[in-house]
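Undergrad: Predicted coordinates and the sequence they were generated for:
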Amino acid sequence: MAEVRAELVSNVWKVLVVEGDRVDEGDTLVILESMKMEIPVLAEDPGVVAVLDVAEGDVIQEGDRIAVIE
């Protein structure tokens, strides 16, 4: 199990996966927006998206959990 966490305060601009999706290492899970820059959040391990904690439009803080990959 791997938790994906936010590295900075940002807005969730686009969510590209749903719970139950199979992902490979390097796949983009969500795209964050901070200071007019788009920041892709990538899966660090292959697996299945077990939990998705964010939705488009959410404001997240550094360290907030974005997803769990099992």
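TA: Okay, I see it.

Undergrad: can you map out the strands along the protein?
TA: Secondary structure of the chain (DSSP state E): strands at 2-5, 10-15, 22-23, 28-34, 37-42, 47-52, 59-60, 65-69.

Undergrad: So what are the sheet partners of the fifth one and their directions?
TA: The reference is to strand 37-42. strand 28-34 (antiparallel) (DSSP bridges).

Undergrad: buried stuff in the partner strand?
TA: Counting neighbours by 16 or more other Cβ atoms under 10 Å, one finds that the buried residues in strand 28-34 are 29-32. Where you see a C-beta, it was placed from the backbone N, CA and C, and this is true even at glycine.

Undergrad: Dump the residues you listed into TSV; add pLDDT as well.
TA: Formatted as TSV, those follow (pLDDT from 0 to 100):
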residue	pLDDT
Leu29	98
Val30	98
Ile31	98
Leu32	97
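
Undergrad: most tightly surrounded among the strands of the chain?
TA: strand 65-69 (a mean of 20; mean count of other Cβ atoms under 10 Å).

Undergrad: Just give the number of residues close to the closest residue to Arg65 other than its chain neighbours.
TA: Excluding the flanking residues, the one nearest Arg65 by Cβ to Cβ, 6 or more residues apart in numbering is Asp53, at 5.0 Å. Residues near Asp53, counting by other Cβ atoms under 10 Å, number 16.

Undergrad: do the same with Ala6
TA: Neighbour tally, Ala6, other Cβ under 10 Å: 21.
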